[in-house]
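Engineer: Here is the input, now give the coordinates:
(chains A and B)
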Amino acid sequence: MNRKGFAYLVAVLILGLLAFMGMFLQQSSSAEYSQAAVSVYRTMARQLAEAAADEACVLLEERFRDKTTTGFMQQLLWQASTAQGPKNGGSTGLNPTLLHDFTDLKDKVTQVLTLKDYHMTRAGFEIEKILPNIKDCRPIPQGPLDNENNYHHSPDRTTKYDNQYSRDWYLTLQIEVSVSLQKRRKIKVDYTISRDIKLLNMGPIARNFTLFSIIGHQITSSDPATVQTILRNEMNTPDNPSNPGGRLFLWNMPFQSRVYMHGPSIINLENPELASDYQNRGAFNIYDPKKPVPGNNNAFQYNDTFFGMSYFPSVGRAIFPSKSMWDAISIWWRDGKETKDDAAANQEIYHSLYTHKTVYGGVLPHKNKSLMEILGDVSTDGIQDTYFKGTNLSQKFLPGGPFCRTPWKYVSATLMGEDRYLPNSKADFDHAVQKKFPTDDQHLRLEHRWNKDDVKVSEQTRVFSRVYEIKYNNITNNINAPPPEKHIEFSLSYFNDPDPEGFLGKLGFAAGAVGGSFLNSLFLPFEAIGTLAMPLINKIFGPGEGIALNASEQSTPNLYPTNFKYNYRAMATRKMKDESEIPRDADGRWVLNGFYWLDSFQVETPVVYVGTGTIMVSRFTADRPFKIKGSIVALKADDKVTPLGHLNLFYHPFNVAVTDTRERAMIIEGSGNLIEASVFSCYGIRTTDGNIPDLTKLGMDPNVPTDEWSKGGANCISKIAEVSNIIFGNYVNFFMNKHFQEGDLWVFHNFNSPLYFEKTGTGYRIAQVGIDASEDLRKAYELMAHEFYLSPKIQHVASIGGGDD
Amino acid sequence: MTKRHAFSTPELLMTLVVFSFGILPLIVLFQNSHKQTAQAKNLMVAHSLGRTIISEIKALGFEALEAEMKNSKLGIVHSARPVGGPLVSDDADSIKYPDYYQRFNTTVKLEKASTENNKKIRVELDIEWKEPNRKFNLGFGTVIVKYGA
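Structural biologist: The predicted model follows:
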C-alpha cells in the first residue's frame, strides 16, 4: 500500500482553511469593532466640538455685551457705524477686525476641557483650535429711513438728533472648531457653525419729546365740515359734551422736553380765570384778584412763578414775561405781593435752568402785523390785546409742577426773533434787538416739520399760530376796574398749508373780528390736508398686518422721530405668541432681552421688568386687542429711582383700509396704571378711566410753591399714579386720536432714566445736550443705548472629517 | 490481498489528534471574533444611546436643566439606570427600547463649573455594560449654555 499521508495533508489543508477563515473572521470582527469604536469616537468628537462651539459662543457673547474698554462692544459699535448696505458696502459687507484677545479660544472653554480631560478620556481627544470671526456686517435696512433726511430735524438745530452711531446692524459670528484623537492623529473632526448677531439701538423712540405725533390728526375725509369737526373734536371738544373724554397732560422737563405734533391742529391752552364759570376752558394764567382760585385744570400754571413760564397778563398776550417787566407789573398790579415765591422756592430744583431764560420771550407770530398791532392798542383803557377763540373741554397740554409750566415756546418768524429768545438772554422786552432766531435753542417748544434745504417745504410747513376771538382789556390804568370777564380762550393752529397765514382771509374772516362763534364756522384748508396728510401714510406703509417694505415708498423728509424704525420685523430677536411667553425670572419679573415680536399683548396684572427690550405687536386681533390693565414698571437700582433697563412698547396695527380705528388704539384700561416705557401706538391711546376732577385734592395747591405740593402726604406723582394713568417715559403715535381717550392720561418725560436725562449734581439735563456736546459723549450715549444679541439658533453648520483614513 | 483505499485507524486517529490540536486555537479565534462582533454591536448600541440621550438633554435647554438641578422633576440626573421602557415616556404609542438594551446602564451628572461662571452646565453621560470578560463603559458629554443676559 502506497500511503503518502494524504489524510494529514487534507487535515492540514482543512486546518489551514479554517485558520484562514478564522483569521479573516478575526480581522473582520476586529475591523468591525474598530469601525464601531471610530464611529463612537467620531460622535464623541462631534459632541465635544458642538459643546466647544457653544461654550465659545457664550464666552464671546459675554465679551461682546461687555461695554467696558476691555469688552468687544465698543470696538464693534464704532466699526459697525461705518458699515454700508449692499449698494455702497459691497457684496460681503464689513468684516470687523477686533483687537484684544479675539483669538483662539481652545484654552478658554473650561467646561469642555474638563469633559475632555476627566470624562471622555478613552480616545484621547485634543481640541486643536476654536477660531472665531465676525463678518458681513451691514445696517439693517430701513427703507426710506435709511435716508437720514427722513428723520425729524428741529429748526433750532443744525444737525439731526442722531447720526451714524445710532443705527442697527446685523452680522455673522462664525466659529471653527477642530477636534482630533491623540491616539489616532488621522482622525479629526472639523466643525463650523455660524450664528446671527444683531446690534440694536434699544433707546427710546423720540427721546427728546414727551409727545411726538408723527402724522397728527387722522383725517379720513376731504369734506370741509368733517375736517373741521375732526380737528376740533380730536384735540378739544368731543362731539358728546356729556362725555368730554380724558385729558392729556404732558409733564415736561422745563426748557428741555420737546413736543411735536404734525399739523394741522388746533390746540387750546388753559384759563384759570374761568375756574368757576368754565371749569375746563382755558387760555392763559392770569392772576385775577376777583377769582384767585384757578380752575381745577389750571393749577399747574397758576401761581407766582415766572421761571415756570406762567403767562403774564401784560403787554402782548401770550408773551412770556421778562423778569424786569414781571417784577414791575406784578408789584404794580398786585401791590404788596411778594413776587417769585415759587421761583425762589424751586431754585434748587430748577438749578441750572435759571441760566436758560429764553422763556422771557415769545409772541404769537403774525405775518402781516407789527408787534404793536399784535400787542394791541394802547389807549386810555389800557393795553388792549387780541385774544383768540378756542374751546377746550378736555385737551391739556399742560405742564407740570417743577418740570414745566407750558409745553411750548412760540417762535416768531415775523419778528425775526428778538434776542430775548436767545438762550441765556437777559434782554428786556422793550429794548430787544432783532436777531436771527437762535439755532441752538435747547428749550421746550412745540415743533413742526421743517426742511431747511427746501424753501418751499419750509414755507409750507411753518408753524402757524393764530389767535381767535376778541379784544380784551387785560390791563387798565385803573386797577379798580378789573378786566371784563370774557372768554379768554386760545387756540394754536398750525398748518402745512402753502399759505397758512392767508387762508382765513381767503375764506373771508379776519382775526379779531369774528367773535366767539368763529371757530364754529372755521374752514380749514382741507385741500392741503388731503394732499399732504392722509395720503402720506398710504405712501409709507402698504396694506396688511405689517411694516413691510413698500416698493412705492417715498421719502418724507423731516418726519420721523429718533430711533423710529421702518423695518421693525427685521429687528425682531424673538417671535412669541403673546405676553405669556415673555421669559420671567425667579421672582416673576419679565426678563427683557431683545426685540420680542408678539402676535397679541394683554397685561391684566402689574408686572416688573428687568433688562432692556422692545415689545412689538404689528397686527390687530379683535378678540385680543392690545390692552394694558396693570402697571408695567422697571426694576430700580439701589437709589430706588433709576430704572435697570428700558422698555419700548410698539403697537402698529395699521391697515389702510380701516377707517374706524377706535378699536385699534392701544387700550389702557381702568385707572392706576403706570407704564414705564417709551410707548408707540399707531392709532393713539384709549384710556377708559382715570379722570381727576379736582387736581387740588392730589396736593396741587396753586397758592403754594410747587415744592410744597408734596407736603402732608405722598407726592403728586404717586397720587396721580393711584387714581389716573401715567406713561413714565414718552408717548409717540402716528395718529393722535386724542378723542379716543375716555380717561385722563399723564405723560411724564422720564427724568430718572439715563436714556432720556442725565442726572447732574443738582438736577437733570436732557441727554441730547451731552450727545451734542462732543463725539465722546455721543459715543457714550450710543454705547448705553445699543445692545448686542446673539441668536441661539445656528444659522449654518458644517462638519467634515472623522474618518480614519 | 484486497487493495485498501481508506485511511487506517491510526491514520485517522492521528489526523483527529492533529486536527484537534489545530482546531482548538481556531475555536478560540472564532470565539474572540464573536466577542469582538458582540462588543462592536454593543459599542454601536452605546453610541446610539449616547447620541440620543445627549441630544435629548441638549434639547431641554439651559433653563430646564438649571431647574432640574435645583429640583428634579424629569429625572435627568440618575445613576446606573438600565435603559428600557418607551422612547418617549408619556407617549403610549412610542417605540419601546428593545429588551437587549436592558444590559446598558446609564449615569447622568450635571455640573456647573463655578458660581462666577454659571451660564454653562456640563453634562456627563456614562454608559456601562457588561461584556463576558469585563465591564465596559463609554463616556459622552456636552456643555449646555445660556444665551443672553
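Engineer: could you point out which element follows whichever helix or strand residue B:54 is part of?
Structural biologist: Residue B:54 belongs to helix B:9-70 when assigned by DSSP states H and E. Sequence order places strand B:78-82 as the next helix or strand after helix B:9-70, per DSSP H and E.
Engineer: Tell me which other helices or strands that next one touches.
Structural biologist: The contact analysis (3 or more CB pairs under 8 Å, 6 or more residues apart in numbering or on different chains; DSSP states H and E) places strand B:78-82 against strand B:105-112. C-beta here means a position set from N, CA and C on the backbone, and glycine is covered the same way.
Engineer: any idea of the mean pLDDT for stretch A:673-693?
Structural biologist: For stretch A:673-693, mean pLDDT is 91.
Engineer: do the same with stretch A:744-759
Structural biologist: 88.
Engineer: Name the nearest residue to residue 143, ignoring sequence neighbours.
Structural biologist: By default, I'm working from chain A. residue A:566 (4.3 Å; CB to CB, 6 or more residues apart in numbering or on different chains).
Engineer: that answer is for a different chain, and I need it for chain B
Structural biologist: residue A:51 (3.9 Å).
Engineer: Let me see the contact set for the one you found.
Structural biologist: A:109, A:111, A:112, A:115, B:141, B:142, B:143 (CB atoms under 8 Å, 6 or more residues apart in numbering or on different chains).
Engineer: Sort out which of the residues you listed are in strands and list them.
Structural biologist: B:141, B:142, B:143 (DSSP state E).
Engineer: Let's have these in CSV, adding neighbour count.
Structural biologist: Below are the ones in strands among the contacts of residue A:51 laid out as CSV (neighbours: other CB atoms under 10 Å in any protein chain shown):
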residue, neighbour count
B:141, 27
B:142, 27
B:143, 27
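Engineer: re the thing from before, check which helix or strand covers the residue nearest to residue B:143.
Structural biologist: Using DSSP H and E, residue A:51 maps to helix A:6-65.
Engineer: How about residue A:197?
Structural biologist: Per DSSP H and E: strand A:188-201 holds residue A:197.
Engineer: Direction included, what does that strand pair up with?
Structural biologist: Take DSSP bridges as the rule and strand A:188-201 pairs in its sheet with strand A:169-181 (antiparallel), strand A:786-801 (antiparallel).
Engineer: Residue B:23 reaches residue A:17, doesn't it?
Structural biologist: No. With contacts counted by CB atoms under 8 Å, residue B:23 stays clear of residue A:17, the gap being 11.4 Å.
Engineer: Between these two, which has more neighbouring residues?
Structural biologist: Per other CB atoms under 10 Å in any protein chain shown, whichever of residue B:23 and residue A:17 has more neighbours is residue B:23, with 19 against 11.
Engineer: What count of nearby residues applies to the residue of the stretch 451-600 of chain A found nearest chain B?
Structural biologist: Residue of the stretch 451-600 of chain A nearest chain B, by CB to the nearest CB: residue A:593 (4.5 Å). Using other CB under 10 Å, residue A:593 has 20 other residues around it.
Engineer: need the contact list for it.
Structural biologist: A:573, A:583, A:611, A:612, A:613, A:789, B:148, B:149.
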